[in-house]
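Novice: output the structure for:
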Amino acid sequence: MLYKKLTNIIIDIITVLFPRVCFGCNAHLIRGEELVCTTCRNNLPLTDYSFNEENPVDRIFYGRINIEKASSFLFFSKKGIVQQLIHNLKYRNQEVIGDFLGEWYGQLLKDSKELDGKIDLVIPVPLHSKKLKKRGYNQVSKFAKKLAVYLEADYIDDILVKTANTKTQTKKNRLGRWQQQTSLYALNNPERLTGKNILLVDDVITTGGTMEICAQALSIGIDTKLYITSMAVVP
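Specialist: Presented below is the predicted three-dimensional model:
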């Protein structure tokens, strides 16, 4: 009991001297809070979309690619909590946010049993090797790895590769971007995908263009089935 009290006192002193802040709103975190404050955690906009029922993420890909099902964990909005979290994850070396979101979403998927036994491989949307070297990590990796653990699937990040270091051309229409970028992603040893059910994972789905191109590459695999998800989706 005394040890626990001393530990709590030390933690409180460290918190005062080196305050931890919420990645969602920058408020100081108090004892028991990790990464985000209680207010931000309670206000995170979960989509409540299901892998069992039709949802708006499915409709993004209608008529574009052949997938089994699509879903997403959170809603993304400009200047919102989710944008702050993903910004910290991508640009401020806060990979722990990927673990945090993956743990939460993975547990939800496990409890719901929506993908129970359906997924063999979890594959993150890759970064180009130059960008990966510069950033030091793929912002999707930690999130995707957690999902793989909860879905009892294999996490593989060396099959789908990005072949060119390009920026998203947001001012061009979707078809134009797709025509220019269809060769941006390629497969290493595509035979490893034969007969597999794949969960493709990204950070944010906006127009679905990146997922569409990745799915085209993954469709080279024989007798594969593709599922799609992301940390967040733009409503």
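
Novice: any idea how far the closest residue to Thr206 other than its chain neighbours is from Phe75?
Specialist: Once flanking residues are discounted, Thr206 sits nearest to Val234: 4.7 Å by Cβ to Cβ, 6 or more residues apart in numbering. In short, each C-beta sits where N, CA and C put it, glycine included. Separation of Val234 from Phe75 (Cβ to Cβ, to the nearest Å): 8 Å.

Novice: which parts of this structure are helices?
Specialist: Using DSSP state H, the helices of the chain run over residues 2-17, 38-43, 56-60, 81-91, 96-112, 129-135, 141-151, 174-181, 209-218.

Novice: need the ones you listed in TSV with distance to Leu193, can you?
Specialist: Shown next, in TSV, are the helices of the chain (distance: least, Cβ to Cβ, whole Å):
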stretch	distance to Leu193
helix 2-17	47
helix 38-43	37
helix 56-60	22
helix 81-91	28
helix 96-112	22
helix 129-135	21
helix 141-151	15
helix 174-181	21
helix 209-218	7
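
Novice: could I get the ones you listed as CSV with mean neighbour count?
Specialist: Supplementary listing: these in CSV, determined by neighbours: other Cβ atoms under 10 Å:
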stretch, mean neighbour count
helix 2-17, 10
helix 38-43, 14
helix 56-60, 17
helix 81-91, 19
helix 96-112, 18
helix 129-135, 12
helix 141-151, 22
helix 174-181, 14
helix 209-218, 22
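
Novice: looking at these, which is nearest to Leu29?
Specialist: Within these, the stretch nearest Leu29 is helix 2-17; the backing value is 7.6 Å (Cβ to Cβ).

Novice: run through who's touching stretch 36-43.
Specialist: Cys22, Phe23, Gly24, Cys25, Ala27, Leu29, Ile30, Leu44, Ile81, Leu85, Phe100 (Cβ atoms under 8 Å, 6 or more residues apart in numbering).

Novice: can you give me the pLDDT of the nearest residue to the second one once chain neighbours are set aside?
Specialist: Yep, that's Phe23 we're talking about. Of all residues not flanking Phe23 in the chain, Asn88 sits nearest, at 4.6 Å (Cβ to Cβ, 6+ apart). Asn88 carries a pLDDT value of 96.

Novice: quick one, what contacts Asn88?
Specialist: So Asn88 contacts Phe23, Gln94, Ile97 (Cβ under 8 Å, 6+ apart).

Novice: ok, for the last one, nearest residue in space, not its chain neighbours?
Specialist: It refers to Ile97. Closest residue to Ile97 apart from its sequence neighbours, by Cβ to Cβ, 6+ apart: Leu89 at 4.2 Å.

Novice: what residues does the one you found make contact with?
Specialist: Shown in contact with Leu89 (Cβ under 8 Å, 6+ apart): Glu95, Ile97, Gly98, Gln139, Asp203.

Novice: hmm, the last one is touching Gln139, no?
Specialist: Yes: Asp203 sits in contact with Gln139 when judged by Cβ atoms under 8 Å, with a separation of 5.6 Å.

Novice: for those two, list the residues in contact with both.
Specialist: Ile86, Leu89, Lys90.

Novice: reformat these as TSV; add distance to Glu114.
Specialist: Formatted as TSV, the shared contacts of Asp203 and Gln139 follow (distance: Cβ to Cβ, whole Å):
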residue	distance to Glu114
Ile86	24
Leu89	25
Lys90	27
